[in-house]
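Q: structure for this input, please:
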Amino acid sequence: MPFLGQDWRSPGWRWVKTEDGWKRCEPFSPALEDGNNQLNDISHTVIITGDDEDEEIYGTEDCEFAAKKRKKDHFRNNTDSQCFYREKWIYVHKESTRERHGYCTLGEAFNRLDFSSAIQDIRRFNYVVKLLQLIAKSQLTSLSGAAQKNYFNILDKIVRKVMEDQYNPRLIKDLLQDLSSTLCILIRGVGKSVLVGNINIWICRLETILLWQQQLKNLQMNKQVNNGLTLSDLPLHMLNNILYRFSDGWDIITLGQVTPTLYMLSEDRQLWKKLCQYHFAEKQFCRHLILSEKGHIDWKLMYFALQKYYPIKEQYGDTLHFCRHCSILFWKDTGHPCTASDPDTCLMPVSPQHFIDLFKF
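A: Numbers count the residues shown, from 1 in each chain. This next block holds a predicted model:
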C-alpha cells in the first residue's frame, strides 16, 4: 500500500499492523526519536486510534509542511548562490547532430559566461547592463529557474556596486524601469502561466526592484576632495577634445552641468552635429529636420529626436566574442579551445542584441 508522507519521494510514515488494520505511529518525543535512530529496530511510538485526534494530527502536519515550504521558498528567493563553471565559454548549437544532441538555451549561456565577475570589470559593466536590459524587455520568460535566480543575483550586485562606486546610475535606473514594467505586465496578466516559479517569489522580486529604484533616487553623489589638478584646470582645447570623445548625448549634458565653462562647450553646434553624423545616416536627417529660431539646424534637438526613431551605435570597452569556426561564445581574455589554424580571423564581437539573437529558434 502507498505510504502517506510529506513528499511523495520520501519513505513515508511508520505504520503498525493491528487487529483493526494498519495504524500510523508518531514519535513520543524528540529524545525518543533520536534514541530510535540510534537503536535502529527499537521504537518508542504512540499509536493513533481516535478519528478526531487523527484529523488534528493531519492538520498540524499540514501546517508544518506549509511552514517548511515557506522557509524553503524564502531561502531560494534570498540566496546568493550561483552556478559556477570551470570553462568560461559555451558551445552554441541550435540543432541536434550525430555528434551532439540537444541545443543551447539563453539561460544556459547566461549561467556559463560568468557575468557576475564581468560586472567588476569597468570595460564590461555597460555591456552586461545593456544585456540585462534587453533580457528584461523581451526574454525574461525564456530563462530557466536557475538562470532567473542568477539574473537577479547579478542585478543585486550591480545595484550595490552603483551605490558604493556611484558609477553610471542613469544606466541602471533605465534597466530597473524596464524590468519593473515587464514584471508588472506579467504578474497582473499572464504571470501565473508564464513565469517560472511561485508567483509570490516574483512579487517579492518586484518589491525589491521598487526598493532599489527608491535607493537610487535618493543616491547622493559624494564630493571628492582633491588638492591636485582637476578637470577645471585643463585648457579649453583639452576640455573640448574630451567632449568630442563622448558618444552619448546624455554624458555630454551631464558633464556640461559641472562648470559654466563646460556648459558653454557642451552647447557647441559643431559638437552635436558630429555626434549626429556619427550615429545616423544623412537620409535620416532629411526626414526629421529641426530648425532653430534663427533658421539654423538645431543639432542637439535633432540628436534626441533621431534617437527615438533609429538605434544609435553602441560602444563598449570589452564584449563577448563568437568564433565562427568553433561556434563558441566566450570572453576574449579567457579564450577557448579553438582548432582553427588562424583563430583571430574567426573571431567576431557580439553586441548585446546579437547575443539575444543567437538563442532565438
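Q: how many other residues sit next to Leu320?
A: Burial measure for Leu320: 27 neighbouring residues, criterion other C-beta atoms under 10 Å. Glycine gets a C-beta too; all of them are placed from N, C-alpha and C.
Q: okay, now the residue lying closest to it once chain neighbours are set aside: neighbour count?
A: Taking C-beta to C-beta, 6 or more residues apart in numbering, and ignoring the residues beside it in sequence, Leu320 has Val350 as its nearest neighbour in space, at 4.4 Å. Val350 is flanked by 19 other residues according to other C-beta under 10 Å.
Q: can you check Met238 too?
A: Met238, neighbours per other C-beta under 10 Å, totals 10.
Q: tell me the contacts of it?
A: Met238 makes no contacts at all, as judged by C-beta atoms under 8 Å, 6 or more residues apart in numbering.
Q: so for it, what's the pLDDT?
A: The predicted local confidence for Met238 comes out at a pLDDT of 91.
Q: ditto for Val16
A: pLDDT recorded at Val16 is 77.
Q: mind listing what's buried in whatever helix or strand it lives in?
A: Per DSSP states H and E: Val16 is located in strand 14-18. For strand 14-18, the buried set under the neighbour-count rule, 16 or more other C-beta atoms under 10 Å, is empty.
Q: Ser116 should be in a helix, yeah?
A: Yes: inclusion of Ser116 in a helix is indicated when DSSP: H, G, I helix; E, B strand; the rest coil is applied.
Q: pretty sure it contacts Lys157?
A: Yes: taking C-beta atoms under 8 Å as the definition, Ser116 is a contact partner of Lys157 at 6.4 Å.
Q: how close does the residue nearest to Leu320 sit to Leu131?
A: Look at Val350 and Leu131: by C-beta to C-beta, to the nearest Å, they are 10 Å apart.
Q: quick one on the thing from earlier: just the CA atoms of the strand holding Val16, as CSV, please.
A: As requested, C-alpha coordinates have been extracted for strand 14-18 and formatted as CSV (Å, rounded to 0.1, in the frame of the first residue of the first chain):
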residue,chain,number,x,y,z
ARG,A,14,5.8,4.5,10.2
TRP,A,15,2.9,2.0,10.3
VAL,A,16,2.0,-0.7,12.8
LYS,A,17,-0.4,-3.6,12.0
THR,A,18,-3.2,-4.0,14.5
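Q: show the contacting residues for the residue nearest to Leu320.
A: With contacts defined as C-beta under 8 Å, 6+ apart, the neighbours of Val350 are 319-322, 329, 358.
Q: in the stretch 251-361 of the chain, which ranges drop under the pLDDT threshold?
A: 361 (pLDDT under 70).
Q: all helices of it, in order?
A: Counting by DSSP state H, counting those that start in this stretch, one finds helices in the stretch 251-361 of the chain at the ranges 260-266, 269-279, 282-287, 299-309, 352-357.
Q: for Asn240, see how far away the residue nearest to Leu320 is.
A: In this view, Val350 and Asn240 are 34 Å apart by C-beta to C-beta.
Q: Ser292 too?
A: Distance of Ser292 to Asn240, given as C-beta to C-beta: 22 Å.
Q: more crowded one of these two?
A: Applying other C-beta under 10 Å to Ser292 and Asn240 shows that Asn240 carries more neighbours, namely 16 against 12.
Q: report all helices and strands that the strand holding Val16 contacts.
A: Helices and strands touching strand 14-18, as assessed by 3 or more C-beta pairs under 8 Å, 6 or more residues apart in numbering; DSSP states H and E, comprise strand 21-27, strand 45-47.
Q: can you give me the buried ones in stretch 107-124?
A: Neighbour counts using 16+ other C-beta under 10 Å place 107-119, 124 of stretch 107-124 among the buried residues.
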